[in-house]
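Participant: Sequence first, then the predicted structure, then my questions.
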Amino acid sequence: MSNNLVSKLTSASKLETDEDIDLFFDTIQNMALSKNSEYIAIMLSYLDDNFNTYNDVMSTIIGMAETFPAQDYVKAVIQSINPLKTKAADWLEYIHTGIFNTESYIEIYKKTFCSIPENEQLIVKDYLTNQFLKNKHEKKDVVEYIISC
């Protein structure tokens, strides 16, 4: 993993100028092109519901994260639930809706969920049952399937 890319992303993340935005997009793209799965959680950590004027930036983060292998992407999403469930709840819901609309991703999510330590399972289960399902009742069967290890 290149600390240079992480540093560039951090410095551009203020998104105060057009140059910041261009550098942010370029850096996210370079992270995705590297196919280094360690970048996924870093990329997702920049999601923020308070950046309403930058929805295209947030969508790009998700789009680039989705270019990684499905198993790596889903694992990073699961690992990112705790930090994102407050600052990027809407984007986290958006990501989960996409995952839960694809059978192969559901299977990967379940396998990943069932393989993580119990304390991490509790965080994911809490998010899915108490936050995600509040707005996505239609995904109840999927959530129940996933958490039934």
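Facilitator: Arrived safely, thanks for sending.
Participant: The spatially most central residue of the chain: what's its closest spatial neighbour, skipping adjacent residues?
Facilitator: Closest residue to the average C-alpha location of the chain: residue 77 at 4.1 Å, with CA atoms, centre = their mean. Sequence neighbours aside, residue 95 is the residue nearest to residue 77 in space, at 5.7 Å (criterion: CB to CB, 6 or more residues apart in numbering). C-beta: built from backbone N, CA, C; applies to glycine.
Participant: coming back round to it: can you pull the contacts of the residue nearest to the centre of the chain?
Facilitator: Listed by CB atoms under 8 Å, 6 or more residues apart in numbering, the contact set of residue 77 reads 44, 95, 96, 99.
Participant: Can you tell me which of those is nearest residue 131?
Facilitator: The nearest member of these to residue 131, counting by CB to CB, is residue 96 at 9.6 Å.
Participant: Quickly find the element holding the closest one.
Facilitator: Assessed by DSSP states H and E, residue 96 sits inside helix 89-99.
Participant: got a list of contacts for that helix?
Facilitator: Counting by CB under 8 Å, 6+ apart, residues outside helix 89-99 touching it are 47-49, 58, 62, 66, 74, 77, 80-81, 84-85, 105-106, 109, 127-128, 131-132, 135-136, 139.
Participant: Now restrict those residues to buried residues only.
Facilitator: Neighbour counting with 16 or more other CB atoms under 10 Å marks 47-48, 58, 62, 66, 74, 77, 80-81, 84-85, 105-106, 109, 127-128, 131-132, 136, 139 as buried within the contacts of helix 89-99.
Participant: Narrow those residues to those in strands?
Facilitator: Of those, none are assigned to strands by DSSP state E.
Participant: Not counting residues beside it along the chain, what's closest to residue 51?
Facilitator: Once flanking residues are discounted, residue 51 sits nearest to residue 58: 6.2 Å by CB to CB, 6+ apart.
Participant: OK, contacts around the one you found?
Facilitator: Residue 58 sits next to 47, 48, 51, 88, 91 when contact means CB under 8 Å, 6+ apart.
Participant: Need the phi and psi values for the fourth one.
Facilitator: What that stands for is residue 88. phi -140, psi 50 (degrees, to the nearest 10).
Participant: Thanks again, I'm all set now.
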